[in-house]
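A.B. asks: Sharing a model that was predicted from the sequence below.
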Amino acid sequence: MMKAGAMELGDAGKGSSTPRVGVNKGVSVLDFIFRILAFVGTLGSAIAMVTTNETLPFFTRFLQFRAEYDDLPTFTFFVVANAIVSGYLLFSLPFSIFHIVRSNAQRTRVILLFFDMVMVALLTAAASAAAAIVYLAHKGNSRVNWLAICQQFNSFCERTSGSLIGSFAGIILLALVIMLSGFALARRP
């Protein structure tokens, strides 16, 4: 009579692992989709920032003021960080597909989780620094006599502000990927 009870417990354990595998597979598919969206956002942000420039004539055609992204080291850091993160996301897609096929894989998920955290920290630093510069370009700072340049370089400011959107969306998506990875690791069979 005791053996029958032990068999029921063993059968219940085997039956409960099947839904976990299904949940982990769903989490892996969502992880893959979020990685693709974050890749598109970070790559779009890097491209939008690199192609940002504007030239304004000053009195004559021969004297012109030009604003480019590489005039400010912060924007260069922003472009490099977005390029690194988008490259990482592109190379992490095969591992994400591997997790869809083998949803019980733990080592690669832990490695991706570590690098995901590094990439979200890098992207947050770059996007925050660029956001501070964009804010100064829009508002200026009267205490130190920094004038707002967005009144003159309107197109430049619109493109730099727009490139921040994709980067911050990438940060949110990477944070969701980290949470999904943690959830999948916590539910391991």
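C.D. replies: Looks like it arrived, so ask away.

A.B. asks: Any chance of the backbone angles for the spatially most central residue of the chain?
C.D. replies: Centroid check for the chain by Cα atoms, centre = their mean gives residue 170 as the closest residue, at 2.8 Å. The phi/psi pair for residue 170 (degrees, to the nearest 10) reads phi -60, psi -40.

A.B. asks: so who does it touch?
C.D. replies: Residues near residue 170 by Cβ atoms under 8 Å, 6 or more residues apart in numbering: 38, 41, 42, 45, 82, 85, 123. Every residue, glycine included, has its C-beta placed from N, CA and C.

A.B. asks: go again using 7 Å as the cut-off
C.D. replies: Contact analysis of residue 170 by Cβ atoms under 7 Å, 6 or more residues apart in numbering lists 38, 41, 42, 85, 123.

A.B. asks: low pLDDT regions in the protein?
C.D. replies: Regions of the chain meeting the criterion pLDDT under 70 cover residues 1-23, 54-67, 188-189.

A.B. asks: residue ranges for the helices of it, please.
C.D. replies: Secondary structure of the chain (DSSP state H): helices located at 2-50, 73-101, 107-139, 154-186.

A.B. asks: closest one to residue 147 among those helices?
C.D. replies: Counting by Cβ to Cβ, residue 147 lies closest to helix 107-139 out of those; the figure is 9.7 Å.

A.B. asks: So which other helices or strands are in contact with the closest one?
C.D. replies: Contacts defined by 3 or more Cβ pairs under 7 Å, 6 or more residues apart in numbering; DSSP states H and E place helix 107-139 against helix 73-101, helix 154-186.

A.B. asks: got TSV for the ones you listed, with distance to residue 115 too?
C.D. replies: Converted to TSV, those look like this (distance: least, Cβ to Cβ, whole Å):
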stretch	distance to residue 115
helix 73-101	7
helix 154-186	10
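
A.B. asks: which residues sit in contact with residue 69?
C.D. replies: Residues touching residue 69, when contacts are defined by Cβ under 7 Å, 6+ apart, comprise 49, 50, 52, 75, 79.

A.B. asks: Tell me the spatial nearest neighbour of it, not counting adjacent residues.
C.D. replies: Ranked by Cβ to Cβ, 6 or more residues apart in numbering and with sequence neighbours excluded, the top spatial neighbour of residue 69 is residue 75, at 4.3 Å.

A.B. asks: Just want to check the distance between the one you found and residue 52.
C.D. replies: Per Cβ to Cβ, to the nearest Å, residue 75 is found 8 Å from residue 52.

A.B. asks: same question, residue 108
C.D. replies: The spacing between residue 108 and residue 52, counted by Cβ to Cβ, is 37 Å.
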